[in-house]
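# Structure for the following, please:
(chains A and B)
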Amino acid sequence: NAGVTQTPKFQVLKTGQSMTLQCAQDMNHNSMYWYRQDPGMGLRLIYYSASEGTTDKGEVPNGYNVSRLNKREFSLRLESAAPSQTSVYFCASSEWGGNLADTQYFGPGTRLTVL
Amino acid sequence: GENVEQHPSTLSVQEGDSAVIKCTYSDSASNYFPWYKQELGKGPQLIIDIRSNVGEKKDQRIAVTLNKTAKHFSLHITETQPEDSAVYFCAASRTGNEKLTFGTGTRLTIIP
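Numbers count the residues shown, from 1 in each chain, chains lettered A, B, ... in the order given. Now for the predicted structure:
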């Protein structure tokens, strides 16, 4: 099992450019999440998908959109990148409804720089 | 919503000594408290978690304690080793709510 995978690992964008961060999990988890990590601020939830076909805003959703393509894949899109979106982005997944309902498993991250 | 505070932000410990990291939470309905370890350049990895029906949980050199009345929980690492150097995050959530709220992290450095 690869667990949670993310692509790309690194990306540099110019202000105003768009891009999509990809995430996939092979653990048959129902729930998936996107976080951003900034120095001194821990991990902040951008969007999450409790189950296939549903998405909800987290703490910092402005400037982002998401798509739950199927049970395995959850993508994060920046339509018009801004320097404030320079961050490390993590995708996570968790099983929902079972004994391990709340345990989240993280991917390796995407390091994004917006110039 | 839930608010999780974590202290200290940095901690240096002599190899072989113990390290303690503390977190407080605000939502009395929270009942799940995981701890994550993040090594440089990697994603957070779950190292231990505790649910509100127990007060303490141990896994070899790592233990977590929970005080529901005071709404705080702590990570204890004994006999620290150089590979324990990392950033540690606490988090809280409640069953049925899929969202975790994270603390701001503690950078632990083990001094050889």
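
# For the residue of chain B found nearest chain A, give me its contacts.
With C-beta to the nearest C-beta as the measure, B:Gly43 is the residue of chain B nearest to chain A, at 3.7 Å. Every residue, glycine included, has its C-beta placed from N, CA and C. Listed by C-beta atoms under 8 Å, 6 or more residues apart in numbering or on different chains, the contact partners of B:Gly43 are A:Val4, A:Phe90, A:Phe106, A:Gly107, A:Pro108, A:Gly109.

# Filtering the residues you listed by proximity to chain B, which remain?
Contacts with chain B within the contacts of B:Gly43, as defined by C-beta under 8 Å from any C-beta of the partner chain: A:Val4, A:Phe90, A:Phe106, A:Gly107, A:Pro108, A:Gly109.

# Setting the sequence-adjacent residues aside, check what's closest to the fifth one.
With C-beta to C-beta, 6 or more residues apart in numbering or on different chains as the criterion, A:Pro108 has its nearest non-adjacent residue at 5.0 Å, and that residue is B:Gly43.

# right, is stretch A:38-53 up against chain B?
Yes: Stretch A:38-53 lies within reach of chain B by C-beta under 8 Å from any C-beta, at A:Gly40, A:Met41, A:Gly42, A:Leu43, A:Arg44, A:Leu45, A:Tyr48, A:Ala50.

# From those residues, list just the buried residues.
The neighbour count (16 or more other C-beta atoms under 10 Å in any protein chain shown) marks A:Gly42, A:Leu43, A:Arg44, A:Leu45, A:Tyr48, A:Ala50 as buried among the residues of stretch A:38-53 next to chain B.
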